[in-house]
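> sequence unknown, structure follows:
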């Protein structure tokens, strides 16, 4: 009888772990309190980029943080009740902003992001929904043309790793994206990537593929893990389950599951919002970032989605209604002809460590328990390679990369 691996969390990371395990002939069981693929990655702006290799903490970022916090329209907010947790997390974040560390982190990000498009397309083969991943560029649009540069640190890193970049002016930008406001004077194009036209449906389709291949999908909330002589006992509301090997892919909720095991990790909810316009009457050719507002717009199957914001708060704090107003205003500033009727508003919770890298691999002192969480802003694009790495580890195949940058013990 083949061994069954239990995956806690049926988000895009857990689903990709399941598919990669199945490719290696391993039985899988996915457990989640919600429907597969409908939590954090559901609200993604759709970017699937091999070139998302630039961490959040960059040299000099400390200079801009006060201004962002004081600006009501800025991309960063911190709930007052969260400051006791934010200060130690923030200090760790800033400690990763020196240039040498940035390059090291970027190398580790490259491992996870580089094969994302290829692996997603492999997972979608045979589903009939291969068009959920479409070729796309990433347009970083600037109102001030002098700020658009191929020579800043982020773009220098991308070029060093092989990205094809192009700097264009207003005329070329208008030809490329005619719906974009003429207030944008220049853009940096990041080529050679893709986007998901419906991130939530992508997760749903891949979960259905895993189920059709024999995966068991259980709707339950796991409240605790206990190690015993026979492996692991998983407590849910009203029942218990047994497991020999577990992949913990529960996103930001992973920290609470690990805490009773004596593991206190600096994982926080970096909450993000999006607004969606089903009657937008606009079609973007690529994904576009408003670099000033730090928001990203993409055409989705359901309409236009504009996503952004980094809000540090407790996981279950209520959504901030001011974000809805702000994102709607910023969307109209990007697209003056936008039909904003029937706008939808959404909140998600990115699981963020202070170094922009996830926790991957075996957890020391907890035999049979593997980490696959903490992907910050990059969960959608890091998910397929995460699945490959975890499937090899669980199946006993030695990895051909250094896993130290992703070790949960680094904290």
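Cool, got the structure. Everything numeric here is computed off the predicted structure, so don't read it as measured data. Numbering: from 1, shown residues only.
> neighbours of residue 135, just the number please.
Neighbour count for residue 135, taken as other Cβ atoms under 10 Å: 11. All C-beta atoms are positioned from the backbone trio N, CA, C, and that covers glycine.
> That one: what secondary structure?
strand (DSSP: H, G, I helix; E, B strand; the rest coil).
> now the strands for the stretch 151-300 of the chain?
Listed in chain order, the strands found in the stretch 151-300 of the chain under DSSP state E, counting those that start in this stretch are 165-169, 186-196, 216-219, 222-228, 231-236, 239-243, 245-248, 268-277, 287-290, 295-300.
> buried residues in the second one?
This points to strand 186-196. Within strand 186-196, the residues that qualify as buried are 186-190, 192-196, counting by 16 or more other Cβ atoms under 10 Å.
> What is the nearest of those to residue 81?
Taking Cβ to Cβ as the measure, residue 81 lies nearest residue 196 of these, at 33.8 Å.
> and stretch 401-411, how far from the chain's centre?
Mean-position distance between stretch 401-411 and its chain equals 19 Å (Cα atoms, centre = their mean, to the nearest Å).
> before we move on, what about stretch 305-314?
12 Å.
> next one: stretch 184-193
With Cα atoms, centre = their mean as the basis, stretch 184-193 stands 21 Å off its chain's centre.
> ok, and what's touching it?
The contact list for stretch 184-193 (Cβ atoms under 8 Å, 6 or more residues apart in numbering) reads 47-51, 117, 135-145, 147-150, 155, 158, 163-170, 173, 176, 286, 290, 334.
> And the strands in the stretch 301-411 of the chain, which stretches?
Secondary structure of the stretch 301-411 of the chain (DSSP E, counting those that start in this stretch): strands located at 303-312, 344-352, 359-362, 369-373.
> For the ones you listed, give me JSON lines that also has mean neighbour count and distance to residue 402.
Output for the strands of the stretch 301-411 of the chain, formatted as JSON lines (neighbours: other Cβ atoms under 10 Å; distance: least, Cβ to Cβ, whole Å):
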{"stretch": "strand 303-312", "mean neighbour count": "23", "distance to residue 402": "29"}
{"stretch": "strand 344-352", "mean neighbour count": "20", "distance to residue 402": "22"}
{"stretch": "strand 359-362", "mean neighbour count": "22", "distance to residue 402": "11"}
{"stretch": "strand 369-373", "mean neighbour count": "27", "distance to residue 402": "16"}
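> so which of those strands comes closest to residue 411?
strand 359-362 (8.4 Å).
> Give the partner strands of that closest one in its sheet and their orientations.
strand 369-373 (antiparallel) (DSSP bridges).
> quick one: the partner strand to strand 231-236, angle?
Counting by axes from the mean of the first three to the mean of the last three Cα atoms, to 10 degrees, strand 369-373 lies at 50 degrees to strand 231-236.
> before we move on, back to that, nearest to residue 16, out of the strands of the stretch 301-411 of the chain?
Closest approach to residue 16 among these is made by strand 369-373 (9.1 Å; Cβ to Cβ).
> Specify the angle between the closest one and strand 239-243 in degrees.
Going by the same axes, to 10 degrees, strand 369-373 makes 100 degrees with strand 239-243.
> returning to what we had before: possible to save the strands of the stretch 151-300 of the chain as TSV with distance to residue 407 and mean pLDDT?
Output for the strands of the stretch 151-300 of the chain, formatted as TSV (distance: least, Cβ to Cβ, whole Å; pLDDT from 0 to 100):
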stretch	distance to residue 407	mean pLDDT
strand 165-169	32	98
strand 186-196	28	97
strand 216-219	29	96
strand 222-228	19	91
strand 231-236	21	93
strand 239-243	22	92
strand 245-248	14	97
strand 268-277	19	96
strand 287-290	31	98
strand 295-300	30	97
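> what residue ranges in this protein score low on pLDDT?
1 (pLDDT under 70).
> And the helices in it?
Applying DSSP state H to the chain gives helices spanning 12-23, 61-70, 83-95, 99-113, 116-124, 153-160, 170-176, 199-212, 254-258, 321-334, 379-394.
> And the contacts of the third one?
With contacts defined as Cβ under 8 Å, 6+ apart, helix 83-95 is touched by 56-57, 61-62, 78, 101, 266, 268, 312, 354-355.
> so which of these would you say is closest to residue 299?
Out of the contacts of helix 83-95, the member with the shortest distance to residue 299 (by Cβ to Cβ) is residue 56, at 25.8 Å.
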